[in-house]
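Asker: with the sequence up front, the predicted model follows.
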Protein chains: 2
Amino acid sequence: MAELRRIAVAGTGLIGGSIGLALRRHGLVVVGYDRDPARAARAEELGAVDRLASSLAEAASGADVMVVAVPVGRVAEVVVEALDAGTPLVTDVGSVKAPIVAEVEAARPATASRFVGGHPMAGSEQEGLDGADARLFVGATWVLTPTGHTDPAAFAAVRGLAAQLGAEPVAVAPELHDALVAVVSHVPQLAASTLMNVAAASGEEHAILLRLAAGGFRDMTRIASGHPGIWPDICLANRDAIVTALDDYVGALQRIRGVVAGGDRDALLDLLERARAARRNLPVGLPPEELLVELRIPVPDRPGVIAEVTTLASRLGVNISDLEIAHSIEGRSGVLVLVVAERGLADFEAALAEHGYHTARTPLR
Amino acid sequence: MAELRRIAVAGTGLIGGSIGLALRRHGLVVVGYDRDPARAARAEELGAVDRLASSLAEAASGADVMVVAVPVGRVAEVVVEALDAGTPLVTDVGSVKAPIVAEVEAARPATASRFVGGHPMAGSEQEGLDGADARLFVGATWVLTPTGHTDPAAFAAVRGLAAQLGAEPVAVAPELHDALVAVVSHVPQLAASTLMNVAAASGEEHAILLRLAAGGFRDMTRIASGHPGIWPDICLANRDAIVTALDDYVGALQRIRGVVAGGDRDALLDLLERARAARRNLPVGLPPEELLVELRIPVPDRPGVIAEVTTLASRLGVNISDLEIAHSIEGRSGVLVLVVAERGLADFEAALAEHGYHTARTPLR
């Protein structure tokens, strides 16, 4: 496949806009199309496209590749349209893969070899175009879902595109992708919203309840505060995998219910210990070069603590790659968890100690 | 009841130690006892007690009130011991109430009137004595669980003690307390650990899975990373309420499973919208005087962002009462959510705008 020089982006939301911004920096020509003219105009204003097309066919015409970044329910039809327009290479960024891939292969068995399904694990349709960022994909995992029908040259070209955006491309079967995101993304969303609804129902009867909901509960339900607009599409598209993963989760909850009801301390401790070990091993998505360390700093609940710690870090040139506040399950004090490069860490720890902070470090890799 | 001058603290962990630190500042005499001599010594070293007693009976002798801050499984026996030693007023800080209150009233029907069950919603047995802080309870809700047998003067005295520590005392029936904390604290802990275990099981087979676990999943499972040591006690003590709340949660999950399986977009959207509204109405535990505003700031994933924002805040004298990073469900960019006093906010927003940050504010009260 020849070098990719001209990219069409269909759908100029957060993901499409970020791809446009990044590829323009690499010198590619980006033509954008969005069926919402206001969003298309905003993409041009933000510099996410070189120019706008007034139809999908116009965007496709002359493009070396089309990136389809429309809502998941419309991806397959747009991919088919692009294939029909003769675009030599088509990929998408939808968060569900098997139904899209199957629909495209069923509709266009002859030309589907030029389509490579994709899903960058970065950003979210929930955020708008104004959050678009050329560096959105740096260090992110970018799942690609080639099948037996995919042209290897097409796969290699899309893989190269993802790598050019700074992501780490990973090939996974479409069905496996869908099963995995059901577990780590779709079911957690439904579980958080459900927990919030159960608590709210008790809260209606007992207003005091919500005052008792402290840090841990807030962490668990935070994703329930996001805009729900994208979820009906996702749940419809990934229905089977979500139902399977929900059944697994409910089954596991019923087992822990049995353990609690039976008063089996050892079994309970074992379940919680295993979860703790797994949670602590959860990888952090980050650029691959640096040696990283997790730094845990118990902090009191007083004004300025976070500013003090993060300012010390920036003064000493320590980059904070990630920051979490681990609230205790009850209460408002907590532990500030920083992920920082090991370089310069000793000075940072010394400075923190001077300011009265204890630190505990765990190497991440 | 006479003024409280001399306090015995049984159990000098985080909660007992923090109570000691705070009450000593109010000029009360604090006598500490812990059956772990090393922890007792550390409490004295940290200034959490005026002196140590070598037995519970010695601590009780001459005390106006004993605060029982031992693990939940041992509270009732220590309360009974204190009542038997003649302590005129006894309270506890255990995170389960009905079984403790029932056990004390059954064991000592004549003197249980001098016992008032309590549970400050601050701190956690998971953190050690070294996190003790005289301000731990400021602004926190302190649940008290008097019954028909409780002496009103005893209740008033314990209520005064909680208020003196800066907390907001609230009286709730013991059974209701247990049902509510099952919903907002105990079941969330079990749900987070269970979700982590389900994901880890898939992760064993498919190593890629954990690389797909981004912000939202991390938020939901964060409390699973805490030390599980306290949970067998709590789950045993609050077994019935936890089983009931787990059943409610499982029932609600099965309903959402039905909605997904049936492809009912409207019902799904309705469930998620209700959860979103409830989550956004979740009160933040804070000192009551100030007008507070939630400020949402979309932030890119680059070094120094948090330091920049929090430093601007502290430079302008804006107190950050709470800070969250709301990760998108997938990916590493996010929204910084600050809770700040309305006073001085306009200057802060102007400074943020100068540095290229957009802000959206929502008044909290």
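Answerer: Okay, I see it. Note that the coordinates shown come from a computational prediction; the quantities given were computed from them, not determined experimentally.
Asker: so is stretch A:166-179 next to chain B?
Answerer: Yes: contact of stretch A:166-179 with chain B (C-beta under 8 Å from any C-beta of the partner chain) involves A:Val170, A:Val172, A:Leu176, A:Ala179. For glycine as for every other residue, the C-beta is placed from the backbone atoms N, C-alpha and C.
Asker: show me which helix runs longest in chain A.
Answerer: Using DSSP state H, we find that the single longest helix of chain A is helix A:239-261.
Asker: would you map the helices across the stretch 101-250 of chain A?
Answerer: Counting by DSSP state H, counting those that start in this stretch, the segments of the stretch 101-250 of chain A that form helices are A:152-164, A:174-181, A:187-205, A:208-211, A:215-221, A:231-237, A:239-261.
Asker: how about the ones you listed in TSV, adding distance to A:Glu342, mean neighbour count and mean pLDDT?
Answerer: Below are the helices of the stretch 101-250 of chain A laid out as TSV (distance: least, C-beta to C-beta, whole Å; neighbours: other C-beta atoms under 10 Å in any protein chain shown; pLDDT from 0 to 100):
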stretch	distance to A:Glu342	mean neighbour count	mean pLDDT
helix A:152-164	26	18	93
helix A:174-181	31	23	94
helix A:187-205	31	24	91
helix A:208-211	42	19	78
helix A:215-221	27	25	83
helix A:231-237	38	22	93
helix A:239-261	36	19	97
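Asker: now tabulate these in JSON lines and tack on distance to A:Ala76.
Answerer: Shown next, in JSON lines, are the helices of the stretch 101-250 of chain A (distance: least, C-beta to C-beta, whole Å):
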{"stretch": "helix A:152-164", "distance to A:Ala76": "17"}
{"stretch": "helix A:174-181", "distance to A:Ala76": "12"}
{"stretch": "helix A:187-205", "distance to A:Ala76": "23"}
{"stretch": "helix A:208-211", "distance to A:Ala76": "43"}
{"stretch": "helix A:215-221", "distance to A:Ala76": "33"}
{"stretch": "helix A:231-237", "distance to A:Ala76": "10"}
{"stretch": "helix A:239-261", "distance to A:Ala76": "15"}
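Asker: got the contact list for the residue nearest to A:Pro120 when sequence neighbours are not counted?
Answerer: Once flanking residues are discounted, A:Pro120 sits nearest to A:Trp142: 4.6 Å by C-beta to C-beta, 6 or more residues apart in numbering or on different chains. Contact analysis of A:Trp142 by C-beta atoms under 8 Å, 6 or more residues apart in numbering or on different chains lists A:Gly118, A:His119, A:Pro120, A:Met121, A:Ala162, A:Leu165, A:Ala167, A:Glu168, A:Pro169, A:Val170.
Asker: swap in A:Leu210?
Answerer: A:Ala199, A:Ala200, A:Gly203, B:Val184, B:Asn281, B:Leu282, B:Pro283 are the contacts of A:Leu210 under C-beta under 8 Å, 6+ apart.
Asker: if we use 10 Å, what do you get?
Answerer: A:Ala199, A:Ala200, A:Ser202, A:Gly203, A:Glu204, A:Phe217, B:Leu180, B:Val184, B:Ala278, B:Asn281, B:Leu282, B:Pro283 (C-beta atoms under 10 Å, 6 or more residues apart in numbering or on different chains).
Asker: wait, doesn't the fifth one sit right on B:Ala278?
Answerer: Meaning A:Glu204. Yes: the pair A:Glu204 and B:Ala278 qualifies as a contact (C-beta atoms under 10 Å) at a distance of 9.4 Å.
Asker: quick check: A:Arg25 vs A:Ser113, distance?
Answerer: Relative to A:Ser113, A:Arg25 is positioned 30 Å away (C-beta to C-beta, to the nearest Å).
Asker: next: A:Val243.
Answerer: Counting by C-beta to C-beta - A:Val243 and A:Ser113 are separated by 31 Å.
Asker: residues touching A:Ala154, list them.
Answerer: So, once contact is read as C-beta under 10 Å, 6+ apart, A:Ala154 ends up touching A:Met1, A:Val65, A:Pro88, A:Leu89, A:Val90, A:Thr91, A:Ser113, A:Arg114, A:Phe115, A:Val116, A:Pro146.
Asker: ok, of these, which one's closest to chain B?
Answerer: The closest of the contacts of A:Ala154 to chain B turns out to be A:Pro146 (C-beta to the nearest C-beta; 14.8 Å).
Asker: identify the residues contacting the closest one.
Answerer: A:101, A:113, A:115-118, A:152, A:154-156, A:158-159, A:171-174.
Asker: how about the residues of the stretch 1-150 of chain A by chain B?
Answerer: Within the stretch 1-150 of chain A, the residues that sit near chain B (C-beta under 10 Å from any C-beta of the partner chain) are A:14-15, A:18, A:73, A:95, A:119-128, A:130-141, A:143.
Asker: buried ones from the residues you listed, can you make that a PyMOL selection?
Answerer: Listed next is the PyMOL selection for buried residues among these, using 16 or more other C-beta atoms under 10 Å in any protein chain shown:
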select buried, chain A and resi 14+15+18+73+95+119+120+121+122+123+124+125+126+127+131+132+133+134+135+136+137+138+139+140+141+143
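Asker: alright, that wraps it up for me.
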